[in-house]
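Q: What shape does this take:
(chains A and B)
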Amino acid sequence: DTGVSQDPRHKITKRGQNVTFRCDPISEHNRLYWYRQTLGQGPEFLTYFQNEAQLEKSRLLSDRFSAERPKGSFSTLEIQRTEQGDSAMYLCASGDIPSNQPQHFGDGTRLSIL
Amino acid sequence: TQLLEQSPQFLSIQEGENLTVYCNSSSVFSSLQWYRQEPGEGPVLLVTVVTGGEVKKLKRLTFQFGDARKDSSLHITAAQPGDTGLYLCAGGGSNYKLTFGKGTLLTVNP
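A: Okay, the predicted model is just below:
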């Protein structure tokens, strides 16, 4: 059990650029979650996968955001045409039946928009 | 919209003191989770409580879920510097997502 792994740990980019983050969940976990955390706030839910199916998306996930989990294992989160307000820590978490909620979080990708 | 209010927002104490942090909501949750988060890291799950009135103990940490499943508390006995961190409560429902509070930032001074 190597835990939830996220890559990169830090990303600095200019406004308007596209960025993609990767999450590798704990291997036997079929549920994968993306959350976003800004300074002084708790994490906010973005989206949830069960295996390869994206079952729920938050209204926070504008059309510039897209998440995939093509083979039911790792997941990617892409942000197109980044804006200043996208600066945050993007957290991935995984979990398994019977728990409905995430059990293990990764250490996140910190995104800074210049 | 379900909201979780955590108090206090900041807490600075001396090693050996006891403390309690609170997590309150007007909404009912099917479960409540407590996490500890250190700078630059993801939240680490401490405990999940699911039954109203439930009390769980984890070494020097005692967690309680309110009878109505709307509130929770975390009590730490004889705090140590290693307890320093951001304590987050999160409510869960049947829809797989967690609603987090803003957290209590605890500093335990040696």
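Q: On the three-state scheme, B:G82 is what?
A: helix (DSSP: H, G, I helix; E, B strand; the rest coil).
Q: Excluding chain neighbours, what is closest to it?
A: B:V108 (7.8 Å; CB to CB, 6 or more residues apart in numbering or on different chains). From N, CA and C alone the C-beta is placed, and that goes for glycine too.
Q: so what's that neighbour bridging to?
A: For B:V108, the beta-bridge partners are B:I13 (DSSP bridges).
Q: From B:H75, how far out is it?
A: 14 Å (CB to CB, to the nearest Å).
Q: What separation do you get for the residue of chain A found nearest chain B and B:G82?
A: Nearest residue of chain A to chain B (CB to the nearest CB) works out as A:G42 at 3.0 Å. Distance from A:G42 to B:G82, counting by CB to CB: 22 Å.
Q: What of A:H29?
A: For A:H29 relative to B:G82 (CB to CB), the value is 28 Å.
Q: circling back: neighbours of the closest residue to the residue of chain A closest to chain B other than its chain neighbours, how many?
A: With sequence-adjacent residues excluded and distances taken as CB to CB, 6+ apart, A:G42 is closest to B:F100, at 3.0 Å. Per other CB atoms under 10 Å in any protein chain shown, the neighbour tally for B:F100 reads 23.
Q: and if you look at the one 10 residues further on?
A: The burial count assigned to B:P110 is 7, neighbours taken as other CB under 10 Å.
Q: circling back to that earlier point, between A:G42 and B:G82, which one's more packed in?
A: A:G42 (22 against 8).
Q: residues contacting that one?
A: By CB atoms under 8 Å, 6 or more residues apart in numbering or on different chains, the residues touching A:G42 are B:L4, B:L88, B:A90, B:F100, B:G101, B:K102, B:G103.
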